[in-house]
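Participant: Structure here, sequence nowhere to be found:
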């Protein structure tokens, strides 16, 4: 611990009590490494404020001490966004003691930054509502992190990412100012939205302390269909036709045949929803929140003409909730099964305009396989959001250190192809440490703009060093 | 014209031709005063770029010359946001030559900043779609201004303000950098959204040059109902009950009895939709975009139980499109009729949380009338957005200079009450010149944050001087 960090820790302990600062190395250790074990940093202390006022005081004192802070929620970043630098220059600012749901009702919930997503789901469920965003880490990830990374997931199609679900934020700016946007005004034109600026800022412009979040009615019924298709272009045509007729489509996930094969080979007890072979598969989920609509009948009615004219090669609708879950399990097991069956792959969380995705999938796969002969590229995921998880496997190039030797070159090529298609090298995971160099290489203007904003707001350069920009 | 402005004008003429700069005083004059005639400024020239590249070059050269710029679209600001300062220190940067709709289809339109709203409406209509935002100035106001002021209007309830309708922006930052966000990615987590930062920034952080905008299906049928109610609280209960049952409500406008009386007295050929007297009135519009739904039958079904239990005192549904238009005309004539019948009033475009609006209307009216005995306060407008146009009339205090003598004190009191209710002193019109002092008085922290952002982005302080902050 540097002398200035030590003085800061003493001051904070004296002012906010023993619980406000953790300095025991064993207690700190679990929070120094990201959950996938890719980045490990050093930090002499974890600051643990219990209230927004304490966050503000800690940020202000840290600024005066010139001590950078790394805001941390559930530490589930996919890109090293919440891991401290490895030189020990920063302290972790953990929001996990701020874990109250301050209010909840059909009009929305006000949740503190440290509330775990699964707890919010449960609280919404308890009042007959739901918070319509979910992802794999829901048992650990926290609201503050979800806001700061503009998190997405498998339910974005209808209700959007966090950006669309935040009605207002409370946050501490880098100089210790508290921004209170929690009243959740539907209309507020006092200049640009400070709330929106903090969404996706990865803690580089301030610390989110609480959020007012939209809730939607609980799902009364859902129907899950599985389709066999000839191509991603046909899948997109199906999506457009569905969207023209209903706003009830909540999931639309694309899978290539080989990915499904890997799941069937790897996960015991799984079976293909359809007889026969199809080059591409789609899982569609439609919901109803009550009333007259039967989402199964809706899907049946909308899919029938597509089957008739051959746009959809085959389709089945889950006959029970158990079968619906089995369909989703095929989708959710995909990454794990691919890794087990086909070996390691570079993984690219990318997006392009929705209409450009079918061509991108075909052309980018061909380009990568041509540049790295023997490799195999494929994509799966949220076609309706233009967000595909694009994987490149070693194939016949396999060796124990393929990823280490060629991973970066593969990534640069994929990122170049994404930029050429007008896309984003980070669709939902953020930039963090992992994609920082690529962002600087491919979007120097964007980085310059973000740096200028940060220069204005974070004059002492204390917020989440080494991330994003 | 200052020597540096003159040099800049010469440079721009040499580089971009005669049409790029207007210096004839008679041609400039109409653009120096806002449309309501409240603010008049001076400007020696109007710069008129034809392309985004020209905007970028002009902004960069203006920065190097230290010549501030006032971006201007249709010059329809309600708050003096597009009028130059009166010391002649700034030049107007008009976007009206950039008036192309670059592309349009069911997935959205890309419109340049100078496209007039009514033209976008027409172009959307031509392809069986609509752009679901409208307001009184639609024949003059432009897309760039609508984005830069996060415009609202009477259709915000279902589709939101401009913030919710922008899928991506193209803009020139104060240093001349072009930000291109037009590819319209549904998911893009490369840091905070630069698009969102420019929405509502009133041209103080850059110049919007084009926008990708969402379109929605054209309206196939609409139904307009007129309700008589006992109180704003009952009106809110009606709105909540409707919203629980359908997402088809696009308009929900609240009017007090006395405002309706003014319209009936002032506008020839109008008549009250309902027999009998009611303290409050609501206009509800429901739409269908095709398919089985009949919005009239929907409203009838949903309103019946409310009539039965007395929550709604009386109701009628327009029997024809002509009658529907007549209902809307009552609402749209309100400001003009009030002014003619009751005399001048201070007008406050304010918002509070939707749930707090009924109490605010009652309590704020009482507080204002107590502080200014003889005055009369009332509110009308977009209850569903928490946005009321709150008017205070002289009443028995009337004198020719009442507004001049007491207007500011009334405004300060109303603004204090709005802030106490967790609201915004500008719901949809922005800050511009008109509300700048009040924003600084009531929201010093917000102003400090906005100034810090501007300090980072606009280092030469050339973008829209004297507005917002």
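Facilitator: Good, I have the coordinates. The structure displayed is predicted, hence computed values, not measured ones.
Participant: in chain A, which ranges drop under the pLDDT threshold?
Facilitator: For chain A, the stretches with pLDDT under 70 are A:290-292, A:400.
Participant: Could you rerun that using 80?
Facilitator: Within chain A, the stretches with pLDDT under 80 are A:154, A:289-293, A:395-400.
Participant: Which one of the residues in it is closest to chain B?
Facilitator: Chain B sits closest to residue A:456 of chain A, with a gap of 2.6 Å, by C-beta to the nearest C-beta. All C-beta spots, glycine's among them, are computed from the backbone N, C-alpha and C.
Participant: Number of residues surrounding that residue?
Facilitator: Using other C-beta atoms under 10 Å in any protein chain shown, residue A:456 has 21 other residues around it.
Participant: wouldn't it be in contact with residue B:449 here?
Facilitator: No - counting by C-beta atoms under 8 Å, residue A:456 does not reach residue B:449; the two are 9.1 Å apart.
Participant: Centre-most residue in chain A?
Facilitator: With distances taken as C-alpha atoms, centre = their mean, residue A:151 lies nearest the centre of chain A, 3.7 Å away.
Participant: Show the contacting residues for it.
Facilitator: The neighbours of residue A:151, taking C-beta atoms under 8 Å, 6 or more residues apart in numbering or on different chains as the test, are A:133, A:135, A:141, A:145, A:161-162, A:428.
Participant: Flag every buried residue along the helix or strand containing residue A:322.
Facilitator: According to DSSP states H and E, residue A:322 maps onto helix A:321-332. Buried residues in helix A:321-332, defined by neighbour count with 16 or more other C-beta atoms under 10 Å in any protein chain shown: A:324, A:326-328, A:330-332.
Participant: Also stretch A:74-92?
Facilitator: Neighbour-count burial for stretch A:74-92, counted by 16+ other C-beta under 10 Å, picks out A:74-85, A:89-92.
Participant: Over to that stretch now: how far is its first residue from its last?
Facilitator: 12 Å (C-alpha to C-alpha, to the nearest Å).
Participant: That stretch near chain B at all?
Facilitator: No - applying C-beta under 8 Å from any C-beta of the partner chain, one finds stretch A:74-92 separated from chain B by no less than 9.3 Å.
Participant: What residues does the stretch 51-200 of chain A have near chain B?
Facilitator: So the stretch 51-200 of chain A meets chain B at A:106-107, A:149-150, A:152, A:156, A:161, A:163, A:173, A:177-179, A:183-194, A:196-200 (C-beta under 8 Å from any C-beta).
Participant: at 7 Å what do you get?
Facilitator: A:107, A:149-150, A:152, A:156, A:161, A:173, A:177, A:179, A:183-194, A:196-197, A:199-200 (C-beta under 7 Å from any C-beta of the partner chain).
Participant: Pull out the buried residues from the helix or strand just after the helix holding residue A:322.
Facilitator: Once the chain leaves helix A:321-332, the next helix or strand it forms, by DSSP H and E, is helix A:334-342. Neighbour counts over helix A:334-342 (16+ other C-beta under 10 Å) mark A:334-335, A:337-339, A:341-342 as buried.
Participant: Helix A:334-342 - contacts with which helices or strands?
Facilitator: For helix A:334-342, the elements it packs on are helix A:257-266, judged by 3 or more C-beta pairs under 7 Å, 6 or more residues apart in numbering or on different chains; DSSP states H and E.
Participant: neighbouring contacts of the helix or strand hosting residue A:123?
Facilitator: Residue A:123 is part of helix A:117-126 when elements are defined by DSSP H and E. When contacts are defined by C-beta atoms under 7 Å, 6 or more residues apart in numbering or on different chains, helix A:117-126 is touched by residues A:101, A:104, A:109, A:111, A:130-131, A:138-139, A:141, A:143, A:146, A:215, A:218.
Participant: what comes up buried for it?
Facilitator: Neighbour-count burial for helix A:117-126 flags A:117, A:119-121, A:123-124 (criterion: 16+ other C-beta under 10 Å).
Participant: isn't there a strand covering residue A:255?
Facilitator: Yes - assignment of residue A:255 by DSSP: H, G, I helix; E, B strand; the rest coil places it within a strand.
Participant: Could you verify my assumption that it touches residue A:278?
Facilitator: No - look at residue A:255 against residue A:278 with C-beta atoms under 7 Å: they stay out of range, at 10.0 Å.
Participant: Buried by neighbour count: which residues of the lengthiest helix in chain A qualify?
Facilitator: What stands out as the longest helix in chain A, according to DSSP state H, is helix A:402-420. Residues A:402-403, A:406-407, A:410-411, A:413-419 are the ones in helix A:402-420 that count as buried (16+ other C-beta under 10 Å).
Participant: can I get those in TSV with distance to residue B:210?
Facilitator: Shown next, in TSV, are those (distance: C-beta to C-beta, whole Å):
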residue	distance to residue B:210
A:402	44
A:403	41
A:406	40
A:407	38
A:410	35
A:411	32
A:413	31
A:414	29
A:415	26
A:416	25
A:417	25
A:418	22
A:419	20
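Participant: If we check chain B, which of the residues you listed are in contact?
Facilitator: Among the buried residues of helix A:402-420, chain B is touched by none when using C-beta under 7 Å from any C-beta.
Participant: Check the secondary structure at residue A:12 for me.
Facilitator: helix.
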